[in-house]
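Colleague: how would this look folded up:
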Amino acid sequence: MQDILGRPVREALSSLPAGEAAPRILETAAPRRDGQARQEGTLRVVACREGVWIAARFLDGAPQKKEEA
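Modeller: Next comes the predicted model:
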């Protein structure tokens, strides 16, 4: 299972052997300033436990420049 770490969740799920039950996905993230859950970024597997994958979102794209007011 170690080869799935860092991979996008959808890609990792599609690589499971046929007939194997899908694990429960537990999404974790640092809170945003407004308290809402982060929705942007790629959901990637960061840890595996028995029957549970822990995933977090990563901003894979190029950083955006802040506009000056």
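
Colleague: contacts, neighbours, all on C-alpha from now
Modeller: Fine.

Colleague: This protein: strands as residue ranges?
Modeller: Taking DSSP state E as the criterion, the chain carries its strands at 24-28, 42-49, 52-58.

Colleague: Which one of these lies nearest to Ile4?
Modeller: With respect to Ile4, and counting by CA to CA, the nearest of these is strand 42-49 at 6.9 Å.

Colleague: For the closest one, list every residue counted as buried.
Modeller: Counting neighbours by 16 or more other CA atoms under 10 Å, one finds that the buried residues in strand 42-49 are Thr42, Leu43, Arg44, Val45, Val46, Ala47, Cys48.

Colleague: Hmm, the last one is touching Ile54, no?
Modeller: Yes - using CA atoms under 8 Å as the test, Cys48 is close enough to Ile54 to be in contact (6.2 Å).

Colleague: for this structure, what spans make up the helices?
Modeller: Counting by DSSP state H, the chain forms helices over residues 9-14, given from the N-terminal end onward.

Colleague: circling back: as a markdown table, the strands of the chain with mean pLDDT would be great.
Modeller: Formatted as a markdown table, the entries for the strands of the chain read as follows, by pLDDT from 0 to 100:
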| stretch | mean pLDDT |
| --- | --- |
| strand 24-28 | 92 |
| strand 42-49 | 92 |
| strand 52-58 | 92 |
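
Colleague: In CSV, list those along with distance to Lys65.
Modeller: Output for the strands of the chain, formatted as CSV (distance: least, CA to CA, whole Å):
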stretch, distance to Lys65
strand 24-28, 26
strand 42-49, 20
strand 52-58, 17
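
Colleague: Identify whichever of the ones you listed lies nearest to Glu11.
Modeller: Closest approach to Glu11 among those is made by strand 42-49 (9.2 Å; CA to CA).

Colleague: How about the contacts made by Ile25?
Modeller: By CA atoms under 8 Å, 6 or more residues apart in numbering, the contact set of Ile25 is Val52, Trp53, Ile54, Ala55.

Colleague: closest to Leu26 among those?
Modeller: Top of the list for closeness to Leu26, among the contacts of Ile25 and by CA to CA, is Ile54 at 4.8 Å.
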